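Enquirer: Kindly generate the corresponding structure for this input.
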Amino acid sequence: MADGPVLHFFAGKGGAGKTTLATAHALNVLEDNGKARVLLVALEADSGVADLLKKKFSSKPTKLVTGKGPGGLSAVELDLPALAEAFNKKWKPALLGSTQKGALLSDDEVKKLLEASTTQMGELAALFHLIELTESNEWDAVVVDGFSTSHALRFLDHATNLRRLIALLRGERHGRPSKNVVRPPMPVDEFAAKADAANAFLKDPKKFAFHACTIAEPVAEAQTKLLFKVLQERGIPADEIITDLIEDGKGSPEVAKRRGLQAPHVRKYQTMHQKVALLQRRIVGPRGLDEVKKFAREWASGKETKALQFSPAEGPPPTVRAPSMPPIAAPPLPPTRFIFFVGAGGVGKSSCAAAAAVTLTEKEGPVLLLSTDPSHSLSDVLVSRLTDTETQVKGTKGLYAREIDFAVWFGNLKKKLKELAEPMFGPEAKGETFAQDREIVRNLFDLAPIGMDELAAMTALTDALVQERFKRIVIDPAPAGNSLRILEVPAIAKAWFTSILAIATKHKAKGGAALATFCEAQLKHIDRFEKALLNPAECRFVVVTRGEELGVPVAERQVEYLKAKKLPFERVLVNRVLPKTTCVITEERRKNQLEVAKMVEKKIGFPVTLAPELGRHPASLRALKEFRTSWYAVTPTAKVKAA
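Expert: Predicted structure coming up:
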């Protein structure tokens, strides 16, 4: 494998093995040049890299492999809170120093709102830090184990968003300085230059390579298509598409059928990029440094990609049906209004959430299925075009689904806030000039904290809860790592709305009453959401994972996160467990999956439900119903009819 650009960023569909691929790529960079100083970066603590290599890491580089001379491979886990703190020490004074003073708002009011806007800066700081690492003389190559599709796009947009905010502060039109206007220096100028340099870096194929990781399935294809569309719009080059878990088609008709299902997706990827690597599905994935080294060598040889190419005759079989499942009924879904299906990317939580919603609709009546993941999958799973309005799914009598458009919702929120704030700045008495204050407030609303757009999800959920139109609300959130983004929003939103409320309340006589009332309503909405989350009678969480050893520590951390927040955790759902069969290869994989499921049940101490792999990816109402009714328990439980 040839040396690529200096910074390699691995991201894409969850479950596509990006952690393994990033680690293997780092090893191959060192193999190609033994003198290279290679740094493998995990973007959060307790990372997948640590799970993969069975080794603990810290914010200081740990040597993994020794090369020639100064060469070698080291690994590090970024400390996002520490990076954010260091970034804000410079950013906050610059931000405050660049905000012009008005006649109405006091310095303290402006400062409090700015303080609220500088939370959640860890990822922006991490992006700048990665570029600094790459451009330093300390490392010859930096390889990043990145995020799932939507999270990766958000991460790469941080510099652009910062630049837009600075443009507002500097009075630039369309985010660009005017050639005809001489503007005095401002404290934020340094950060504008930094953001511009970061965007230029990401667009330079000599410095940055985006490695798109995916699998050959319908939802993965849709996400990869979206990923390439956005990257092209941003001018960010993609280095390759890596398609993992490809069947070799040998050993039995079952394996050949599964390979046939993958054929159209691989062909689609080959039209999207000229470089598409194919990697074989292994009975057990590599774990530990020695096994990853072996995998890296096999990938670097290119033999797998050649051997796994699809012939023109290969394609989906007419039908793919799974044998009947063991008669151990899964326990019924909890009788709560909210049911969250949470999990890492690629575990199939969208399919599980949709399947649960379909069966609940038939049994109980109106159900709302809500996607709060920016990379929506429900349209593909339901084979129905969904929008940011509650749409009845064709073929059902009471199932409604919605995919939230975060950007549009947040844009409307900021527009609403600006409209409500307008009365505070007029009419002006003799000698009063509030034009500057008006501009300050508009800019402050645009300087909302990172992640505030996800308030859309919380608002939609609370609205549905309060209206009592639906008996059940099933939620498909964004992929979870060591935390769940939608659960972090309330604290961020509270601080921001409280700051706005303080300004509106102080200036009620000037026309701030409407803005104050709106902020109070939003804070009540947030409190209602938080109370619902903590109430086991209103909300339950189901953690979805896969029957793979590498997924066990991730599921454990997610369960511990829910427990730490005192949220009502229901069960673990191990998805895509292969059915019992006479195929030797499939049966060996199935036994490994069952062992993992039993390990999860033992470690977590909660019941585990198994969801089988039914051949085709469950899409359509019929397939989803068949999928849900085939869920079963790992160990016998009380005889109940599953919902």
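Enquirer: Going by C-alpha atoms from here, please, whenever you check contacts or count neighbours.
Expert: OK.
Enquirer: Tell me, how many residues neighbour the closest residue to V552 other than its chain neighbours?
Expert: Excluding the flanking residues, the one nearest V552 by CA to CA, 6 or more residues apart in numbering is V600, at 6.3 Å. A count of nearby residues for V600, using other CA atoms under 10 Å, gives 25.
Enquirer: how long is stretch 368-388 from one end to the other?
Expert: 13 Å (CA to CA, to the nearest Å).
Enquirer: who touches that stretch?
Expert: 149-150, 218-219, 222-223, 350-351, 353-354, 357, 390, 393-394, 399-406, 454, 457, 470, 472-479, 618-621 (CA atoms under 8 Å, 6 or more residues apart in numbering).
Enquirer: So what's the gap between stretch 226-240 and the chain middle?
Expert: 17 Å (CA atoms, centre = their mean, to the nearest Å).
Enquirer: how about it: buried residues?
Expert: The neighbour-count check on stretch 226-240 (16 or more other CA atoms under 10 Å) flags 227-228, 231, 234, 236-240 as buried.
Enquirer: Out of the residues you listed, which sit inside strands?
Expert: 238-240 (DSSP state E).
Enquirer: What separation do you get for E419 and F445?
Expert: Taking CA to CA as the measure, E419 falls 11 Å from F445.
Enquirer: So between the two, which is more surrounded?
Expert: Between E419 and F445, F445 has the larger neighbour count (other CA under 10 Å), namely 19 against 13.
Enquirer: Wasn't the more buried one part of a helix?
Expert: Yes: judged by DSSP: H, G, I helix; E, B strand; the rest coil, F445 forms part of a helix.
Enquirer: domain assignment for this structure?
Expert: Following automatic domain parsing, the chain resolves into domains at 7-82+120-307, 338-633.
Enquirer: Out of those domains, flag the one nearest L96.
Expert: Among the domains of the chain, the nearest to L96 by CA to CA is domain 7-82+120-307 (8.7 Å).
Enquirer: Quick check: phi and psi on S377?
Expert: phi -120, psi -10 (degrees, to the nearest 10).
Enquirer: Can you name the next helix or strand after the helix or strand of the chain with the lowest mean pLDDT?
Expert: Every helix and strand of the chain was ranked by mean pLDDT, DSSP states H and E. The lowest is helix 435-446, at a mean of 65. Remark: after helix 435-446, the chain's next helix or strand is helix 455-467, criterion DSSP states H and E.
Enquirer: residues in contact with that next one?
Expert: Here helix 455-467 makes contact (CA under 8 Å, 6+ apart) with 337, 372, 404, 406, 409-410, 470, 473, 486, 489-490, 493, 525-526, 528-529.
Enquirer: Stretch 614-621 too?
Expert: 217-218, 258, 261, 320-322, 351, 358, 380-383, 395, 576, 578-579, 624, 627.
Enquirer: Can I get the buried part of the residues you listed as one PyMOL selection?
Expert: Selecting only the buried entries of the contacts of stretch 614-621 in PyMOL, with 16+ other CA under 10 Å as the criterion:
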select buried, resi 217+218+258+261+351+358+380+381+382+576+578+579+624+627
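Enquirer: Who is V572 paired with across the strands?
Expert: Beta-bridge pairing of V572 under DSSP bridges involves V543, V608.
Enquirer: so what's it up against?
Expert: 542-545, 601, 606-609.
Enquirer: among the domains of the chain, which is nearest K112?
Expert: domain 338-633 (6.2 Å).
Enquirer: Could you pull up the contacting residues of L289?
Expert: L289 neighbours (CA under 8 Å, 6+ apart): 52-53.
Enquirer: if we go to 7 Å?
Expert: L53 (CA atoms under 7 Å, 6 or more residues apart in numbering).
Enquirer: The stretch 451-600 of the chain: strands as residue ranges?
Expert: 472-477, 539-546, 569-577 (DSSP state E, counting those that start in this stretch).
Enquirer: Quick one: closest of those strands to F341.
Expert: Once the strands of the stretch 451-600 of the chain are compared by CA to CA, strand 539-546 is nearest, at 4.9 Å.
Enquirer: How far does stretch 305-315 sit from its chain's centre?
Expert: 32 Å.
Enquirer: ditto for stretch 184-191
Expert: Counting by CA atoms, centre = their mean, stretch 184-191 comes out at 33 Å from the chain centroid.
Enquirer: Likewise for stretch 536-555?
Expert: With CA atoms, centre = their mean, you get 16 Å for stretch 536-555.
Enquirer: for that stretch, what is the average pLDDT?
Expert: For stretch 536-555, mean pLDDT is 89.
Enquirer: Look at that stretch and report the distance between its end residues.
Expert: Taking CA to CA as the criterion, the two ends of stretch 536-555 lie 20 Å apart.
Enquirer: List the buried residues in it.
Expert: Of the residues in stretch 536-555, those buried (16+ other CA under 10 Å) are 536, 538-555.
Enquirer: before we move on, back to that, TSV please, covering the strands of the stretch 451-600 of the chain and showing distance to L7.
Expert: Formatted as TSV, the strands of the stretch 451-600 of the chain follow (distance: least, CA to CA, whole Å):
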stretch	distance to L7
strand 472-477	30
strand 539-546	30
strand 569-577	34
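Enquirer: which stretch among these comes nearest A344?
Expert: Among those, strand 539-546 sits nearest to A344 (CA to CA), with 7.1 Å.
Enquirer: Okay, angle between the closest one and strand 472-477 too, please.
Expert: 40 degrees (axes from the mean of the first three to the mean of the last three CA atoms, to 10 degrees).
Enquirer: Now do strand 539-546 against strand 569-577: the angle between them, please.
Expert: 30 degrees.
Enquirer: what's strand 539-546 in contact with?
Expert: Contacts for strand 539-546 (CA under 7 Å, 6+ apart): 336-343, 347, 349, 532-533, 551, 555, 568-576.
Enquirer: From these, list the buried ones, please.
Expert: Listed as buried from those are 336-343, 347, 349, 532-533, 551, 555, 568-576; burial here means 16+ other CA under 10 Å.
Enquirer: shaky segments in the stretch 101-250 of the chain?
Expert: The model of the stretch 101-250 of the chain has pLDDT under 70 over residues 101-107, 109, 113, 116, 171-183.
Enquirer: swap in the stretch 401-550 of the chain?
Expert: Ranges of the stretch 401-550 of the chain meeting pLDDT under 70: 425-440, 442-444, 447, 481-483.
Enquirer: could the contacts of V572 go into TSV alongside distance to P253?
Expert: As requested, the contacts of V572 are exported to TSV (distance: CA to CA, whole Å):
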residue	distance to P253
V542	34
V543	33
V544	29
T545	27
E601	33
F606	37
P607	34
V608	30
T609	28
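Enquirer: quick one: which of the residues you listed is nearest K63?
Expert: T545 (30.9 Å).
Enquirer: give me the element E31 is part of.
Expert: helix 18-32.
Enquirer: Just the buried positions in that helix, please.
Expert: 18-31.
Enquirer: now the helices for the stretch 251-400 of the chain?
Expert: 253-272, 289-301, 303-307, 349-364, 378-382 (DSSP state H, counting those that start in this stretch).
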